[in-house]
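A.B. asks: Let's see this in three dimensions:
(chains A and B)
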Amino acid sequence: MAEFTMPSLGADMDEGTLLEWLVEPGDLVRKGDPVAVVETAKSTIEVECFETGTLAELLVEPGTTVPVGTPLALIGVPARKPEHPAGEEKPHTTREPRKATQPEVSGRTGDAAKRRAARRAPKNGRPAEPPPLPPDATVPVPTTARQDVHTEAGPLVRHLAEQSGVDLETLHGSGPGGRVTRTDVEEAAAARRPRLRATPLARRLAAEMGVDLAMVRGTGKDSAIRAADVRHGALGPAAEAPSPHVGAPTERPSAERLSRDRGIAMRRAIAGLVSRANRDIPHYYLSTTVDMAAAMEWLHEHNRRSPLGERLLPAALLLKAAALAARDVPELNGSWTDDHFTAGEGVHLGVAVSLRGGGLVAPALHHADTLALPQLMTALKDLVTRARTGRLRGSEVSDATITVTNLGDQGVETVFGVIYPPQVALVGFGRVVDRPCAVDGMLGVRPVVTATLSADHRATDGAVGARYLTAVTHLLQNPEQL
Amino acid sequence: MNINRTDALDMVREAISRVVPDADFAALGPDDAFRDALEMDSLDFLSFVEVLSERSGVRIEDEDASRLTTLAGSADFLVARAG
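C.D. replies: Numbers count the residues shown, from 1 in each chain, chains lettered A, B, ... in the order given. Here you go, the predicted model:
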């Protein structure tokens, strides 16, 4: 009997709240299957199973917060005859957790064959496999009906319905066999809400922070709610009124407090992590200006002759170059623990995604160095979408071997980041800008980007870091080889 | 394929709606910079371009992005490019 324990989902995590089980006793689970949803201070994450076997017993109820390492469930390893601790209950032998329909961009999810296929994929060619399904396609999932509600819906959909205040009983399911899908719930939830003017960023932010838009006063055009209003609505009271505002007419104080707590918890988690990084890691910083003329020309040409879905953003080239350079300079790709460096198994490129609610997550693009650019672009879109609105996988938040922060969209030219422990390097890219440059003795205007490296001096010296940035520079001069 | 300006404007609105499901066009003037007004990031804008190109049948290159900043400008662009 193996124990499935609360995993450590990043260096900043001490405890986690089990939100939901995606499996139940008797289910067959395989290594890499998502089995539970865990909430940390920073995000909600689908946690994968470490074992293959039959789920014997759930030890922790949803809603419980437990320290990292606490046993959550017992799994019967199937070397022997399957055992049924629950007595006469038979295992649901055919049940497949949502694995089969999940977009597969992560590497360490047990599906090594797919990973190998991805690695074999032709560079610059069409992807070897269809692009990951949109998030909607991940539901409905096959599931056994449970609870007292007889409407057919998967646990994720139930969870969503609960959160959105939608009564599943009133829905007409559009999925196979009348099953209620995520889209059904979302549409019902949208219909329930009075029409509000709000920017997409504000909506995204409100969803992330658990803020009810109806409670936010918009300051945008025609009273449209802007992101800043949501932030103000969620965090403002905490800053302005430390004591509970007794007289203030708040209709939904609990929701407001919840989102405020969430924002504070997120900030605290980040504070703990970066403080530790700054205290423990002697950073050194390098910077160089990279000529992007060849890369941008190649990019535009690629986009001109590519199908719509394979259009690339400059970020895709920068990320790929960063990943390949990490393979070339393996001293920067891995972790520093117990006074020694351990090289990463593969390049799992952390991508800093701003949640703009004051939050930040840096999930990993697994084996980014092996992804052809269109695949990398697809994986990036999927990762960013899930980081902001959906769910990340446990392996994505804990596996990164080196991280990239790209603040180009925010308009800045240079960023020197703080390393995510236990990683040993963080790569920064700013905006691609036109600048006067000396080329072959002549002054010309060229697109350039500032590439920076923050590296752990315990693990490497400046010469290694210099080799890394030089590799990035060279790679970007030959974009057709990315 | 010819596109008249009314259809073009509809296509632009529809493409924006696909990316920003509840964009409020009553609040968005024809000459407002919608990317800023709707707080679209570069991934959002890329999706907008993908949908607009698909719906109109007009190929849109990276260089055309500067002509797709307002509703009116985007509609003019489609009319000119389709004709």
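
A.B. asks: and the gap between B:Ser56 and chain A?
C.D. replies: 12 Å (CB to the nearest CB, to the nearest Å). Using the backbone N, CA and C atoms, a C-beta is placed for each residue, glycine as well.

A.B. asks: what about that residue, neighbour count?
C.D. replies: B:Ser56 sits with 23 neighbouring residues when counted by other CB atoms under 10 Å in any protein chain shown.

A.B. asks: List the contacts of it.
C.D. replies: Counting by CB atoms under 8 Å, 6 or more residues apart in numbering or on different chains, B:Ser56 touches B:3, B:8, B:11, B:78, B:82.

A.B. asks: Out of these, which sit inside helices?
C.D. replies: Mapping the contacts of B:Ser56 onto helices (DSSP state H) picks out B:8, B:11, B:78, B:82.

A.B. asks: Select from these the one having the most neighbours.
C.D. replies: Neighbour counts for those (other CB under 10 Å) peak at B:Leu78, which has 28 neighbours.

A.B. asks: Was I right to think that one contacts B:Ile3?
C.D. replies: Yes. Under the criterion of CB atoms under 8 Å, B:Leu78 makes contact with B:Ile3 at 5.5 Å.

A.B. asks: any common contacting residues for the two?
C.D. replies: With CB under 8 Å, 6+ apart as the test, B:Leu78 and B:Ile3 both reach B:11, B:56, B:58.

A.B. asks: I figured the first one hits B:Glu54, correct?
C.D. replies: No. Under the criterion of CB under 8 Å, B:Met11 lies out of contact with B:Glu54, with a separation of 9.8 Å.

A.B. asks: Between those two, which contacts overlap?
C.D. replies: With CB under 8 Å, 6+ apart, B:Met11 and B:Glu54 have no common neighbours.

A.B. asks: What parts of chain B come near chain A?
C.D. replies: Chain B comes close to chain A at residues B:19-24, B:26-28, B:32, B:37-44, B:46, B:49-50, B:53-54, B:61-63, as judged by CB under 8 Å from any CB of the partner chain.

A.B. asks: cutoff 6 Å now
C.D. replies: Contact residues, chain B versus chain A (CB under 6 Å from any CB of the partner chain): B:20, B:24, B:27, B:38-39, B:41-42, B:50, B:53, B:61-62.

A.B. asks: could you flag which of those residues are buried?
C.D. replies: B:20, B:24, B:38-39, B:41, B:50, B:53, B:62 (16 or more other CB atoms under 10 Å in any protein chain shown).

A.B. asks: Include pLDDT when you put these into CSV, please.
C.D. replies: Listed next are those as CSV, based on pLDDT from 0 to 100:
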residue, pLDDT
B:Val20, 80
B:Asp24, 85
B:Leu38, 83
B:Glu39, 74
B:Asp41, 77
B:Glu50, 88
B:Ser53, 90
B:Asp62, 82
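
A.B. asks: of the residues you listed, closest to A:Thr385?
C.D. replies: Proximity to A:Thr385 was ranked across these by CB to CB; first place goes to B:Asp41, at 11.4 Å.

A.B. asks: which ones are touching the closest one?
C.D. replies: A:Asp409 (CB atoms under 6 Å, 6 or more residues apart in numbering or on different chains).

A.B. asks: Leaving out chain neighbours, which residue sits closest to A:Ala325?
C.D. replies: Take A:Ala325 and drop its neighbours on the chain: the residue closest to it by CB to CB, 6 or more residues apart in numbering or on different chains is A:Ala471, 3.9 Å away.

A.B. asks: so which strand or helix has that neighbour?
C.D. replies: Here A:Ala471, judged by DSSP states H and E, is contained in helix A:462-477.

A.B. asks: Now that helix: average pLDDT?
C.D. replies: Taken as a whole, helix A:462-477 has a mean pLDDT of 98.

A.B. asks: Residues touching it, excluding its own?
C.D. replies: A:284, A:286, A:288, A:290, A:294-295, A:321, A:324-325, A:328-329, A:331-332, A:451, A:453, A:455.

A.B. asks: So which residues of the stretch 251-400 of chain A form helices?
C.D. replies: Counting by DSSP state H, counting those that start in this stretch, one finds helices in the stretch 251-400 of chain A at the ranges A:253-280, A:293-305, A:314-328, A:373-388, A:394-398.

A.B. asks: Reformat the ones you listed as CSV; add mean pLDDT.
C.D. replies: Shown next, in CSV, are the helices of the stretch 251-400 of chain A (pLDDT from 0 to 100):
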stretch, mean pLDDT
helix A:253-280, 81
helix A:293-305, 92
helix A:314-328, 97
helix A:373-388, 89
helix A:394-398, 87
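
A.B. asks: Please produce a markdown table containing those, extended by mean neighbour count and distance to A:Val361.
C.D. replies: As requested, those are exported to a markdown table (neighbours: other CB atoms under 10 Å in any protein chain shown; distance: least, CB to CB, whole Å):
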| stretch | mean neighbour count | distance to A:Val361 |
| --- | --- | --- |
| helix A:253-280 | 16 | 9 |
| helix A:293-305 | 16 | 27 |
| helix A:314-328 | 24 | 16 |
| helix A:373-388 | 22 | 5 |
| helix A:394-398 | 25 | 7 |
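
A.B. asks: Residue 2: neighbour count?
C.D. replies: You didn't pick a chain, so chain A it is. Using other CB under 10 Å: A:Ala2 sits among 16 other residues.

A.B. asks: My question was about chain B, not that one.
C.D. replies: 7.

A.B. asks: per-residue pLDDT, it?
C.D. replies: Per-residue pLDDT puts B:Asn2 at 81.

A.B. asks: out of everything not next to it in sequence, what's closest to it?
C.D. replies: In space, B:Asn2 comes closest to B:Gly83 once its chain neighbours are excluded; the distance is 5.7 Å by CB to CB, 6+ apart.

A.B. asks: Repeat that for A:Leu273.
C.D. replies: A:Asp12 (3.8 Å).

A.B. asks: Going by secondary structure, the one you found is in what exactly?
C.D. replies: Applying DSSP H and E, one finds A:Asp12 in no helix or strand.

A.B. asks: Identify the residues contacting it.
C.D. replies: Counted by CB under 6 Å, 6+ apart, A:Asp12 has contacts A:269, A:272-273.

A.B. asks: Where does the stretch 301-450 of chain A get nearest to chain B, which residue?
C.D. replies: Closest approach of the stretch 301-450 of chain A to chain B (CB to the nearest CB) occurs at A:Leu308, with a separation of 4.7 Å.

A.B. asks: Now that that residue has come up, it's in contact with B:Val51, right?
C.D. replies: No. Using CB atoms under 6 Å, A:Leu308 makes no contact with B:Val51, being 8.8 Å away.

A.B. asks: neighbour count winner among the two?
C.D. replies: B:Val51 (19 against 15).

A.B. asks: what kind of secondary structure is that one in?
C.D. replies: Secondary structure assignment for B:Val51 (DSSP: H, G, I helix; E, B strand; the rest coil): helix.

A.B. asks: mind checking how far it is from B:Val58?
C.D. replies: 12 Å (CB to CB, to the nearest Å).

A.B. asks: before we move on, what about A:Asp291?
C.D. replies: Here A:Asp291 is placed at a distance of 32 Å from B:Val58 (CB to CB).

A.B. asks: neighbour-wise, which of those two wins?
C.D. replies: The neighbour count for A:Asp291 versus B:Val58, taken as other CB under 10 Å, is higher for B:Val58 (20 against 17).

A.B. asks: Helix, strand, or coil at that one?
C.D. replies: Under three-state DSSP, B:Val58 comes out as coil.

A.B. asks: and the residue of chain B nearest chain A?
C.D. replies: Counting by CB to the nearest CB, chain B gets nearest chain A through B:Glu39, at 3.7 Å.

A.B. asks: That residue: helix or strand, and which one exactly?
C.D. replies: Following DSSP H and E, there is no helix or strand that holds B:Glu39.

A.B. asks: quick one: A:Lys31 is in a helix?
C.D. replies: No. A:Lys31: not assigned to a helix; according to three-state DSSP it is coil.

A.B. asks: What number of residues are in the vicinity of it?
C.D. replies: Neighbour count for A:Lys31, taken as other CB under 10 Å: 14.

A.B. asks: From the centroid of chain B, which residue is nearest?
C.D. replies: Closest residue to the average C-alpha location of chain B: B:Val12 at 3.7 Å, with CA atoms, centre = their mean.
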